[in-house]
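> below: sequence and its predicted model.
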Amino acid sequence: MEIKNKPEEEFDTIFSLNDSLELSSNYDYEHKQTRIFKIIVIGDSNVGKTCLTYRFCESTFAMNPEATIGVDFRERTLELDGESVKLQIWDTAGQERFRKSMVEHYYRSVHAVIFVYDVSNLASFESIPEWIEECGRHSVGPLVPHIIVGNKCDLRNRREVPTSAAQCLADSYNFPLFETSAKDPAEKEHVDAIFLTLAYRLKSQKPLRLKQPSESSVRHLWNQREQEAGTCQC
Ligand SMILES: Nc1nc2c(ncn2[C@@H]2O[C@H](COP(=O)(O)OP(=O)(O)OP(=O)(O)O)[C@@H](O)[C@H]2O)c(=O)[nH]1
C-alpha cells in the first residue's frame with residue numbers, strides 16, 4: 001500500500017529540472033522504441049530486496065533466496081500508454097563483505113533508487129538514513145526519484161516499525177513511502193505499484209537532449225579542423 005505520495009506538481013518540477021541536467025534514460029538499441037531505466041534496490045541484508053525484485057519481475061515469491069553477492073540483475077518491460085519502458089533492476093547485496101567491489105557500479109547512471117527495510121526489524125529501518133547518505137556520497141543527486149519500502153508486512157505480530165514512524169522519516173526526506181509484502185500473494189499489486197509509480201515518473205522525463213556547445217569549444221574545434229586541413233597531404 002502506498003502510504004503517502006509527493007504531490008504530482010513537485011515531481012513535475014523535479015522532472016523539468018532533470019531535463020536540463022540530462023538525467024534521462026538510455027535507449028535500447030535493438031528495440032529503438034524502448035527506453036531503459038536503471039533502478040537500484042538497496043537496504044540491509046535479509047530485508048527482502050531479492051524477493052521484492054523477483055515478485056515484480058517473475059510474479060512469484062523467490063523461495064529460499066541465497067544472500068546476494070555483488071549484484072543481481074532482473075528486468076521487466078512494460079507497455080505504458082503505448083510506450084515501451086524497460087526497467088533494469090539492480091538487486092544489490094546488503095552484506096558489506098559482498099558489496100565492496102561492486103559499489104561504484106551500482107550507483108553509476110542510476111535513474112531511481114528504492115530503499116528497503118523490514119517492518120519486523122527495527123535496526124533495518126534505522127539504517128535507512130545511512131543508505132540515503134551512501135547514495136549521496138556516490139553522487140546520486142536529489143533529483144533522482146527515491147522511494148522507501150517497508151517489506152514483510154505479512155509478519156503482523158512481529159512488527160517493530162510503526163507506519164507512523166516510517167511516514168515521519170519518509171516525510172523528512174520528502175520521499176514516497178510504501179509498505180508491502182513480497183511473500184503475500186495478495187500484496188502482488190502493491191509490489192507492482194512501487195515499480196509502476198517509478199516507471200510512470202521516469203517515463204515522463206524527456207529523452208536525452210544534447211547540450212548547446214560552448215563558444216570556446218566550437219572555436220577549439222574549428223582551430224583543430226584548420227590545422228588538420230593545413231597538414232593534409234592530398
Ligand atoms: N515473511 C516474509 N519473508 C520475506 C519477505 N520477503 C523476503 N522474505 C524472506 O526474507 C529472507 C531474505 O530475503 P532476500 O530477498 O534474500 O533479502 P535480501 O535483502 O535480498 O538479502 P541480501 O541478498 O543478503 O541483501 C528470505 O528468507 C525470504 O524468504 C516477506 O515479504 N515476508
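Received the coordinates, thanks.

> confidence score at residue 126?
You'll see residue 126 listed with a pLDDT of 98.

> for the nearest residue to residue 39 once chain neighbours are set aside, give me its contacts.
Nearest residue to residue 39, sequence neighbours excluded (Cβ to Cβ, 6 or more residues apart in numbering): residue 112, at 4.6 Å. In short, each C-beta sits where N, CA and C put it, glycine included. Going by Cβ atoms under 8 Å, 6 or more residues apart in numbering, residue 112 touches 37-40, 144-147, 198, 201-202.

> what packs against the helix or strand where residue 189 lies?
Using DSSP states H and E, residue 189 sits in helix 188-203. If you count contacts as 3 or more Cβ pairs under 8 Å, 6 or more residues apart in numbering; DSSP states H and E, helix 188-203 packs onto strand 2-4, strand 34-42, helix 49-58, strand 71-80, strand 83-92, strand 112-118, strand 146-151, strand 177-179.

> of these, which is nearest the ligand?
Proximity to the ligand (Cβ to the nearest ligand atom) singles out helix 49-58 among the helices and strands packed on helix 188-203, at 3.4 Å.

> can you pull the buried residues of that closest one?
49-57 (16 or more other Cβ atoms under 10 Å).

> can you pull out the low-pLDDT segments for this structure?
1-32, 101, 206-234 (pLDDT under 70).

> make it 90
The model of the chain has pLDDT under 90 over residues 1-35, 59-60, 62-73, 81-83, 92-109, 134-144, 201, 203-234.

> if we can go back for a sec, the buried residues of helix 49-58 also near the ligand: which ones?
Restricting the buried residues of helix 49-58 to those near the ligand by Cβ under 6 Å from any ligand atom leaves 49-51.

> make CSV out of these and add distance to residue 173.
Below are those laid out as CSV (distance: Cβ to Cβ, whole Å):
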residue, distance to residue 173
49, 19
50, 24
51, 24
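
> how many residues are close by residue 158?
11 (other Cβ atoms under 10 Å).

> and residue 123, by the same measure?
11.

> the one 10 residues further on now?
By the other Cβ under 10 Å criterion, the neighbourhood of residue 133 contains 10 residues.

> what strand or helix carries it?
Residue 133 belongs to helix 128-137 when elements are defined using DSSP H and E.

> what comes into contact with that helix?
42-43, 107, 113, 115, 117, 146, 148, 169, 173.

> ok, now stretch 89-104?
Contacts of stretch 89-104 (Cβ under 8 Å, 6+ apart): 38-47, 49-50, 53, 56-57, 67-76, 106, 110, 138, 195.

> return it as PDB; C-alpha atoms alone will do.
What follows is stretch 89-104 as a C-alpha-only set of coordinates in PDB (Å, rounded to 0.1, in the frame of the first residue of the first chain):
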ATOM      1  CA  ILE A  89      16.500  -3.600 -11.700                       C
ATOM      2  CA  TRP A  90      19.800  -3.900  -9.900                       C
ATOM      3  CA  ASP A  91      19.200  -6.000  -6.700                       C
ATOM      4  CA  THR A  92      22.300  -5.200  -4.600                       C
ATOM      5  CA  ALA A  93      23.900  -7.100  -1.700                       C
ATOM      6  CA  GLY A  94      23.000  -5.900   1.800                       C
ATOM      7  CA  GLN A  95      26.100  -7.600   3.400                       C
ATOM      8  CA  GLU A  96      29.100  -5.300   3.500                       C
ATOM      9  CA  ARG A  97      31.500  -8.100   2.600                       C
ATOM     10  CA  PHE A  98      29.600  -8.800  -0.700                       C
ATOM     11  CA  ARG A  99      29.300  -5.100  -1.700                       C
ATOM     12  CA  LYS A 100      32.800  -3.700  -1.700                       C
ATOM     13  CA  SER A 101      34.000  -4.500  -5.200                       C
ATOM     14  CA  MET A 102      30.700  -3.600  -6.900                       C
ATOM     15  CA  VAL A 103      29.600  -0.500  -5.100                       C
ATOM     16  CA  GLU A 104      30.800   2.100  -7.700                       C
END
